[in-house]
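J.: show me how the following folds:
(chains A and B)
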Amino acid sequence: MSKAAYTDHLGRPLVAVTGMGVVSSLGQGVTDNWSALTSGKSGIHPITRFPSEGLSTRICGTVDFIDIPAPNAVERSFAFARETTIEALAQAGITGEFGGPLFLAAPPIEPEWSARFELGDRVKPEQMTGNAYEQFLAVLRDKADPAFHEAVLFGSISERLADLFGTRGLPVTLSTACASGATAIQLGVEAIRQGRTERALSVATDGSVSAEALIRFSLLSALSTNNDPPEKASRPFTKDRDGFVIAEGSATLVLESLEAAISRGAKVLGIISGCGEKADDFHRTRSSPGGAPAIATISAALADAGLSADEIGYVNAHGTSTPENDKMEYLALSTVFGDRMADIPVSSNKSMIGHTLTAAGAIEAVFSLLTISNGTLPPTINYDNPDPAIPLDVVPNVKRDAAVTHVLSNSFGFGGQNACLVMSADPA
Amino acid sequence: MTNTRHQVVVTGIGLVTSLGVGREAHRDQLMAGTAPARVTDSESFAPYTVHPLPEIDWSAQIPRRGDQRQMENWQRLGVYAAGLALDDAGLKGDLDACASMDMIVSAGGGERDIDVDTLIVEESRKRNDREQLLIEKLTTELRPTLFLAQLSNLLAGNISIVHKVTGSSRTLMGEEGAGISAVETGFARIAAGQSTHCLVGGAFVSERVDMLMVMEAIQGLGKDASAPFWSADGNASGMNLGTAGAFLVLESLEHAQARGAHIYARLDAVLGDRGSRETDRLEQRLTRLADDTGASGGGEDTVVFSGASGYPELSARERAFLQSRFPEAPRRTVGALFGHSLEAHFPTAVALACLALDDDAPVSPFAPGEDAVTSAAANTAIVTSIGHVRGEGIARLTRMS
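T.: Below you'll find the predicted structure:
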């Protein structure tokens, strides 16, 4: 292969994906997830992690089948990320030290309530003055609790991953809310394009579902209350969609310069050909009414990939099933793709796995790459009552065979976060 | 793109610390020849000492009351400091420049509702059904908007809303390392031509009992209000948390020159790393970071801005390393004067280095009696940060004027 075949339209190194791992409420591993996803199976179930009686939302897409040493968000998020990274590195055929940087999308960390209760139990009667934290401070002055300290640090997940897999340098832990997974991939792509490294590990994990997390989203009216049956709750692009289903999961992608991948004989699973981002200054939780930032983000991703809108064959939608997102996403897509919109299939993985928050962008990137390599479009399930204001081909309810070369994957989040990726078939 | 290297310069500084609000307030105190007095509060959170928020009129950078109400002090401080940096760079209100400006924020989490948490903990002592109690209280007592004030990425989100910075928005987390990575990522993108101008920084509020709890979980906080930062045996006396909002506008040299911007300093290199701190592994790593950032030797006109946290033995190791690596260079102990500000610590130290490199006067000692007095204005600055648990970083900057 000539040198030119390893670079993109701007002369930058092409970035290949050589390993992938995924965990979601549908199961562990790429094979099981893809099989469930293309069968139109839902991973949404009643909440069992904490009592949900009295809550307006009593369903979720938590991952409860991976062993953790202590029930907290750090342990859970780390365990998911460890499993998906082991899978991805095995597929990439990389053993020993990884030797490239780590970009980790992880949920913001706060102490678990169980930890607060436990600290509260350690307060001696004479220490019961002042607010709860003043009491906790008295307890901690008596006896340090390094395990608690480590369980509430934002840097503790990437620390363990870095040690376990031998990544290089200071790992980057990031949050761009529900776009985090896409941003983790974007940072990896940028590092390779900068020439700083030939490979990068992009990981996005979220094991942060707790009573407080659910209640917070609930108070913002973001969650579906279609509790019965749980698997029908997430219904993107339908008229009766009423919110997202909170969920968990993780994905890891091994990114390499195409040249480095080919020269070591790695199998190329696909190319991350473009990344786009643009922040929204309209509101903390709502998007600009005209969708301009989302439109700019999609356009930026296409431009970065050197592709015209006509070359995109399928869109892996953000498709959260909230009234707001799906409407805005349709507006943005139809603006960019114009008359062709009716002919471009658009499906939402979240109809089956729910909204995996921090992990979503990376999990959906893995599914996008599988869509290309398998020639199968995963469906949007629960599409029983189409929203006439959103006339999209959502691949309703049943998977479809289709050859796709370029996929657009959207991620939008609170705080004006927008990130889009374009993924392409191996050029070889 | 990989072959295109751009020089990266600092053209805007937004700084709020216990010493005051804005670049001038800091310059007036730091370039006056004698170490400024520390501003601390040892009473509100006794036995702990914090470096508090100075008197500040939020409206000066956050004009809409509605925006102020959507935030707590951590986000307000960051948005305020970001506004100062944009003002300072002459880019505030320049809608085109802000719409294409990248943004990287180093963040922790926002304030919790201490009253609600206390209510639940108190109640839990009387009841056995704690999980049910939790749901009862959280569903009725939590303010819906508080979630947004707590979300890490909403500091950046509020900067977009208030200052219209929308080129991109990325929030990095992970205590001190987040501050290092933010500057490192912004630098790398501009150097490679992936970005032309970028707002980088973070904020930290020390007057938070929930944050004191985190740091006291390893008994890391200083508890003697009268103790100097460095004790007689060369160790530090424990961390005193410091409130800081620090943002920088980074630009490629071409971009800055094309618009005639004032250049405070050139950022030559910044790198971070982490790993075991057993035996001399930390020192080996610092040596490699110093080598790779070109931070070596240096005479009296090289000033080392040490980000030592105050965590006793760890800070002693940093100090010993700096003494052996930069024996002639005066050190400025950032934590002694400003307290330790976690995610904001490294951006704060880089901002202070830029002030020194832009001034004809030498920068005063931060830790009186320990930081060497110098008669030379700084021509080179080395900035270090060693996270209280993990993460290390070094930056090197050079005078431009």
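
J.: hmm, the helix or strand encompassing residue A:369 touching chain B?
T.: Assigned by DSSP states H and E, residue A:369 belongs to helix A:360-374. No - Helix A:360-374 does not reach chain B (Cβ under 8 Å from any Cβ of the partner chain); its nearest approach is 12.8 Å. The C-beta positions use only the backbone N, C-alpha and C, and glycine is treated the same way.

J.: quick check: mean pLDDT of the next helix or strand after that helix?
T.: For helix A:360-374, the following helix or strand on the C-terminal side (DSSP H and E) is strand A:376-377. The average of the pLDDT scores along strand A:376-377 is 98.

J.: do stretch B:158-165 as well
T.: 98.

J.: what is the distance between that stretch and the centre of its chain?
T.: 20 Å (Cα atoms, centre = their mean, to the nearest Å).

J.: using CSV, list the CA coordinates for that stretch.
T.: Output of stretch B:158-165 as CSV, limited to C-alpha atoms (Å, rounded to 0.1, in the frame of the first residue of the first chain):
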residue,chain,number,x,y,z
ASN,B,158,-22.5,28.0,31.8
ILE,B,159,-19.5,29.6,30.2
SER,B,160,-21.1,28.8,26.8
ILE,B,161,-24.4,30.4,28.0
VAL,B,162,-22.9,33.5,29.7
HIS,B,163,-19.9,34.2,27.4
LYS,B,164,-20.9,32.5,24.2
VAL,B,165,-17.8,30.4,23.9
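
J.: what lies in contact with that stretch?
T.: A:279-284, A:415-416, B:61-62, B:64, B:67, B:70-71, B:75, B:78-79, B:82-83, B:86, B:92, B:95, B:98-99, B:101, B:103, B:105, B:166, B:169, B:199 (Cβ atoms under 8 Å, 6 or more residues apart in numbering or on different chains).

J.: could you measure from the residue of chain A most remote from its centre over to chain B?
T.: Here chain A reaches farthest from its C-alpha mean at residue A:126, the gap being 46.9 Å by Cα atoms, centre = their mean. Residue A:126 sits 15 Å away from chain B, going by Cβ to the nearest Cβ, to the nearest Å.

J.: show me where the stretch 101-250 of chain B has its strands.
T.: B:102-106, B:170-173, B:197-204, B:244-252 (DSSP state E, counting those that start in this stretch).

J.: oops, could you answer that again for the stretch 301-401 of chain B instead?
T.: B:302-306, B:331-333, B:380-386, B:392-399.

J.: show me what the second one is packed up against.
T.: In this structure, strand B:331-333 packs against strand B:302-306, helix B:312-325, with contacts taken as 3 or more Cβ pairs under 8 Å, 6 or more residues apart in numbering or on different chains; DSSP states H and E.

J.: just the buried ones among the contacts of stretch B:158-165, please.
T.: A:279-282, A:284, A:415-416, B:61-62, B:67, B:70-71, B:75, B:78-79, B:82-83, B:86, B:92, B:98-99, B:101, B:103, B:105, B:166, B:169, B:199 (16 or more other Cβ atoms under 10 Å in any protein chain shown).

J.: show me which residues of the helix holding residue A:369 are buried.
T.: Buried-residue list, helix A:360-374, by 16+ other Cβ under 10 Å: A:360-373.

J.: ditto for stretch B:11-28
T.: B:11-23, B:26-27.

J.: chain A is nearest to which of the helices and strands packed on strand B:331-333?
T.: helix B:312-325 (13.4 Å; Cβ to the nearest Cβ).

J.: quick one: average pLDDT of the closest one?
T.: pLDDT averaged over helix B:312-325 gives 96.

J.: just the strands of the stretch 301-401 of chain B: most buried one?
T.: strand B:380-386 (a mean of 28; mean count of other Cβ atoms under 10 Å in any protein chain shown).

J.: in its sheet, what does that strand sit against?
T.: Here strand B:380-386 is paired, per DSSP bridges, with strand B:302-306 (parallel), strand B:392-399 (antiparallel).

J.: what residues are bridge-paired with residue A:270?
T.: With DSSP bridges as the rule, residue A:270 is bridged to residue A:17.

J.: returning to that earlier point: between the strands of the stretch 301-401 of chain B, which one is nearest to residue A:404?
T.: Closest approach to residue A:404 among the strands of the stretch 301-401 of chain B is made by strand B:392-399 (42.3 Å; Cβ to Cβ).

J.: gap between that closest one and the chain center?
T.: 14 Å.

J.: okay, the angle between that strand and helix B:312-325?
T.: 40 degrees (axes from the mean of the first three to the mean of the last three Cα atoms, to 10 degrees).

J.: now for the residue of the stretch 101-250 of chain B found nearest chain A: which residues touch it?
T.: Residue of the stretch 101-250 of chain B nearest chain A, by Cβ to the nearest Cβ: residue B:157 (2.9 Å). By Cβ under 8 Å, 6+ apart, the contact list for residue B:157 reads A:279, A:284, A:414-417, B:151, B:169.

J.: closest to residue A:230 out of the residues you listed?
T.: residue A:414 (24.0 Å).

J.: tell me the pLDDT at the nearest residue to that closest one once chain neighbours are set aside?
T.: Of all residues not flanking residue A:414 in the chain, residue A:177 sits nearest, at 4.6 Å (Cβ to Cβ, 6 or more residues apart in numbering or on different chains). On the pLDDT scale, residue A:177 is placed at 97.

J.: related to what we said a few turns ago, any chance of the strands paired with strand B:380-386 in a markdown table, with mean pLDDT too?
T.: Below are the strands paired with strand B:380-386 laid out as a markdown table (pLDDT from 0 to 100):
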| stretch | mean pLDDT |
| --- | --- |
| strand B:302-306 | 98 |
| strand B:392-399 | 98 |
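
J.: okay, those strands in JSON lines with distance to residue A:410 next?
T.: Listed next are the strands paired with strand B:380-386 as JSON lines, based on distance: least, Cβ to Cβ, whole Å:
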{"stretch": "strand B:302-306", "distance to residue A:410": "42"}
{"stretch": "strand B:392-399", "distance to residue A:410": "34"}
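
J.: out of those strands, which comes closest to residue A:193?
T.: strand B:392-399 (22.6 Å).

J.: export that closest one to PDB, keeping only CA atoms.
T.: Written as PDB, here are the backbone C-alpha positions of strand B:392-399 (Å, rounded to 0.1, in the frame of the first residue of the first chain):
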ATOM      1  CA  GLU B 392       2.200  14.900  38.000                       C
ATOM      2  CA  GLY B 393       2.800  17.600  35.400                       C
ATOM      3  CA  ILE B 394       5.400  20.100  34.300                       C
ATOM      4  CA  ALA B 395       5.100  23.100  32.000                       C
ATOM      5  CA  ARG B 396       7.800  25.400  30.700                       C
ATOM      6  CA  LEU B 397       7.100  29.000  29.700                       C
ATOM      7  CA  THR B 398       9.200  31.800  28.200                       C
ATOM      8  CA  ARG B 399       9.100  35.600  28.300                       C
END
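
J.: now do the contacts for residue A:276.
T.: Per Cβ under 8 Å, 6+ apart, neighbours of residue A:276: A:296-304, A:419-421.

J.: spell out the secondary structure type for it.
T.: Three-state assignment for residue A:276 (DSSP: H, G, I helix; E, B strand; the rest coil): strand.

J.: against residue B:230, how distant is residue A:168?
T.: Separation of residue A:168 from residue B:230 (Cβ to Cβ, to the nearest Å) stands at 33 Å.

J.: ignore what I typed, I meant residue B:360.
T.: 29 Å.

J.: distance from the centroid: which residue in chain B tops it?
T.: Chain B, farthest from centre, Cα atoms, centre = their mean: residue B:128 at 43.0 Å.
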